[in-house]
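K.L.:
please work out how this folds:
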Amino acid sequence: MIFTWGPGELEWVEAIRKEMKEPSILGPRTETLTQLGEVFRQCDLYIGGDTGPMHIASVMGIPVVVIYGPTDPILHEPFGQHKKVRKEVGCNPCRDRSCKELNCLKMITADDVFKATREILSLSD
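P.N.:
Numbers count the residues shown, from 1 in each chain. Take a look at the predicted model:
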């Protein structure tokens, strides 16, 4: 697993890596979106939230497991092969970006993400 990171995220990523049982790689500092796309092009799978990097990975032809919180998965759907991980909580998709609860994200488990990962990797074989 390789972690990419942006401005202000290095400490956060390092804290996650320290909690992991399996080894991981800290990706290089990328100065441009083109450089980030090149990192993704070397990958077999992208797992992450509904963000710009997820869309870059999908455009690069990388299968994507995208974790959705309050955003609309139809409006923000990636290109190409992907699996969505999302929990319906009654208030999503949400237009209120000031939500403090984020139950839509808190209800997603690692098992939910692993299941989507297994499914998309079996499609890619």
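K.L.:
check contacts around the residue nearest to H82 when sequence neighbours are not counted.
P.N.:
Leaving aside its sequence neighbours, H82 sits nearest to V64 (Cβ to Cβ, 6 or more residues apart in numbering; 4.2 Å). Just so you know, the C-beta spots here come from the backbone N, C-alpha and C atoms, and that holds for glycine as well. Counting by Cβ atoms under 8 Å, 6 or more residues apart in numbering, V64 touches 45-48, 54, 57-58, 78, 80-83, 120.
K.L.:
pull out the buried members of these.
P.N.:
Listed as buried from the contacts of V64 are L45, Y46, I47, M54, A57, S58, P78, H82, K83, I120; burial here means 16 or more other Cβ atoms under 10 Å.
K.L.:
so which of the residues you listed belong to strands?
P.N.:
Y46, I47, H82, K83 (DSSP state E).
K.L.:
so can I have JSON lines of the residues you listed showing pLDDT and distance to E22?
P.N.:
Listed next are those as JSON lines, based on pLDDT from 0 to 100; distance: Cβ to Cβ, whole Å:
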{"residue": "Y46", "pLDDT": "96", "distance to E22": "18"}
{"residue": "I47", "pLDDT": "95", "distance to E22": "14"}
{"residue": "H82", "pLDDT": "95", "distance to E22": "24"}
{"residue": "K83", "pLDDT": "96", "distance to E22": "21"}
